[in-house]
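In: let's see this in three dimensions:
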Amino acid sequence: LAGRGVAAVLALPRSRRELLLMDFLAAALEIPVLSLLDTRGLLPVRAQSPFHFHMDRQSSLETLVEVVVSILQANDWHETHLVLCHPWDVSGFLSLWAHRSQLLLRTILDLGYLDEHRASRHLQQHREHFRALSSPVLVLGCDLQRARLVFRMAEESGLLPQELHWVLGSPLSTSELQTEGLPLGLLAYGELNPPPLELFIQDAVELVSRAIGSASRTRPGPAVLHTTVNCSSGHPAGGEAPGLILSRLLSNTSFHGRTGPVRVQSSRLLRPEQRFHVWRLQRDPRGAPAWGTVGSWHRGRLELQEGARQSQRHGPGEAASGTRRRLRVVTLVEHPFVFTREVDEDESCPVGQLCLDPGTNDSAVLDALFEELGAGNGSVPRAYKKCCYGYCIDLLEKLAEDLSFAFELYIVGDGKYGAWKNGRWTGLVGDLLSGTAHMAVTSFSINSARSKVIDFTSPFFSTSLGILVRTKDTASPIGAFMWPLHWTMWVGIFVALHMTALFLTLYEWKSPYGMTPLGRNRMKIFSYSSALNLCYAILFGRTVSSKTPKCCTGRFLMNLWAIFCLLVLSSYTANLAAVMVGDKTFEELSGIHDPKLHHPSQGFCFGTVWESSAEEYIKKSFPEMHEHMRRHNVPNTPAGITMLKTEPPKLNAFIMDKSLLDYEVSIDSDCKLLTVGKPFAIEGYGIGLPQNSALTSNISKLISWYKSSGFIDLLHDKWYKMVPCGKRVLAVTE
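Out: As a prediction, this is how the structure comes out:
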């Protein structure tokens, strides 16, 4: 390093001793040194030399302290106990803690300089420390093996680990999230995809390159670029050390590197874009321990899911489980996903869940109503109380059971799914954005516009958009008996009848055995009228008094005519029943691209539900069609069905989610509703949550489990297979 031409040094110290050596070397040689640190292996010290820069590969100690303090403060914990497992200089950590936080650190149990055997013996000798602990306990610098030792010793001392709130103070990777030997309720955090070492090296090299480039522009010349001196020489008198110039330029350099935005602050390279996820050990739907995401930390801000906070502080003899977290859930009535009915006389619900329908989305009003409802003083108006049940309510009850939360249920005030109107979001989306509700559970379609402002779980129901029409019964006119056969067929039949009669007459008169005056003394004569009488009798299948031909040729022709009449009558009677019961007609639409929708004729009306995903899709994909139909749109699905079934109908077609239309077809007692056309705009129903909600991933995992275990299929069978009209084959016109 004493040779010329070295601009900076990149170091990877593996211990505190090596880190101090790099600090001494940088000061002695006046060479900028960039040390890539792994905070899991050593506790960084503040650089004493202006030539020494630290870059944390994992996370800076300051960042880790901020994350831990944010978790403790979010849970309303004002003091904590510290268990230290790594041989760090704890005084540096304590000074940083005191500078960044007002939280009180009570007891310090230092296991850093002890191996596992000595640490186990030390814990056995100091069991009284565990008995005196109160929640929470911060386990800092411990790998999972050492943390399990602490939990086991706590249990052997007579204190169940579940009785305390434990927090792992060092970040974990997703591969380290194990469950064996760890207590339920344990909190941990870490980055999902930390950058590899190669990217840190590239960013460090780029930092030096940018600083050298700045130096060459401000002070061109080799003196700036060759910064190294030997151990005995100094820099020229009156001049500034080249290494100090480069160090100052390094301190003023910032850029967006491979690991994200990089800047230097107090001789430390910072990565301000780090995002941490907070996990908690809990039980999965099968009752097995599993890690679940409960929050995220980014840019100094911690966002915990509603109900994830553990504000109760427990002593050794107190229950640690606490009360179940309570979420406020908004829904929208849409059959069969959500039904409502009046409460019983005692204001209870024999089926489903009690929900409120106050007709408002004012958070203060809802808070007051639910507070009064919880107090049980009967001050909530009876008109507001409903019983909610259906597909989505069953799903919500299952989620509440598996995730251990309670919920307050209310119906959205404006009755809308949600759209951007007049500079704000309405309906379900608006309630989630304003914080009025923590979750939206109904037939909530996932689309791109909504997904930009709120989070959706994975879909629990797949559907598409469809078109619903009504069949019309028309009275049959007096000539309807001729409809089974085409008019050309009728003409052909009667022409053939008269030609057959003519040939029967000719054959009979030309035969020596015929019924003619020239025959063998016949008393009767077979005339053309006799032939017509016989042919008509055979055609209509009626027995009448008639003369039969005597010649063999005539009789053969008569039998051919009889076979022909049998075939004609069979075809006629097969189609006659449909005519006799009346003709059913409906609007034949091939789908969303049908010309009747894009170029509607006078009097052809169709619509959908306001601010629904169907309207959003048509508005975005077919603006001209939306312009025609928007004056015919309706507030909800039942209103559209009513307009379709009125006499005369106010709508000729109704466009909406096919899952909802299929259900309306199945419960139509008159069997007059019909879905037509090819399905379009495939979509899914998901549970809506505020953005970055930690509940999203947990609920999505449960929904995937429900699908694979058959629970979703059971819900579908329960709410869809119930009435006779549902068995009818739906018409699809091409």
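
In: mind listing residues that contact stretch 388-401?
Out: With contact meaning CB atoms under 8 Å, 6 or more residues apart in numbering, stretch 388-401 is reached by 329, 331, 333, 335-341, 349, 351-355, 406-407, 409, 411, 441-443, 460-461, 699, 702, 706, 711, 715-716, 718-719. Glycine gets a C-beta too; all of them are placed from N, C-alpha and C.

In: now with 6 Å?
Out: 336-340, 351-353, 355, 407, 409, 441-442, 715, 719 (CB atoms under 6 Å, 6 or more residues apart in numbering).

In: buried ones in the longest helix seen in the chain?
Out: In the chain, ranked by residue count with DSSP state H as the criterion, the top helix is helix 552-580. Within helix 552-580, the residues scored as buried using 16 or more other CB atoms under 10 Å are Thr553, Gly554, Leu557, Met558, Trp561, Phe564, Cys565, Val568, Leu576.

In: repeat that for stretch 172-186.
Out: Leu172, Leu182, Pro183, Gly185, Leu186.

In: repeat for stretch 455-470
Out: 455-461, 463, 465-470.

In: do stretch 289-301 as well
Out: Ala290, Trp291, Gly292, Thr293, Val294, Gly295, Ser296, Trp297.

In: so the first one is in which element?
Out: So that's Ala290. Assessed by DSSP states H and E, Ala290 sits inside strand 289-298.

In: so which elements touch the next helix or strand after that strand?
Out: For strand 289-298, the following helix or strand on the C-terminal side (DSSP H and E) is strand 301-304. Using 3 or more CB pairs under 6 Å, 6 or more residues apart in numbering; DSSP states H and E, the elements in contact with strand 301-304 are helix 61-74, strand 289-298.

In: need those in JSON lines (columns: distance to Phe540).
Out: Shown next, in JSON lines, are these (distance: least, CB to CB, whole Å):
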{"stretch": "helix 61-74", "distance to Phe540": "92"}
{"stretch": "strand 289-298", "distance to Phe540": "80"}
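
In: same list, these, but as a markdown table with mean pLDDT and distance to Arg283 please.
Out: Putting these into a markdown table (pLDDT from 0 to 100; distance: least, CB to CB, whole Å) gives the following:
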| stretch | mean pLDDT | distance to Arg283 |
| --- | --- | --- |
| helix 61-74 | 79 | 21 |
| strand 289-298 | 81 | 6 |
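
In: so which of these comes closest to Glu647?
Out: strand 289-298 (55.2 Å; CB to CB).

In: care to break the chain down by domain?
Out: Structurally, the chain divides into domains by automatic domain parsing as follows: 9-57+196-258, 67-193+275-304, 327-460, 478-581, 586-682.

In: for stretch 208-215, which positions count as buried?
Out: Buried, per 16+ other CB under 10 Å, within stretch 208-215: Val208, Arg210, Ala211, Ile212, Ser214, Ala215.

In: residues in contact with the first one?
Out: Listed by CB under 6 Å, 6+ apart, the contact partners of Val208 are Ala8.

In: mind running it again at 10 Å?
Out: Residues counted as contacts of Val208 (CB atoms under 10 Å, 6 or more residues apart in numbering) are Ala7, Ala8, Val9, Leu10, Pro32, Leu34, Phe53, Leu246, Leu249, Leu250, Thr253.

In: alright, I will stop here.
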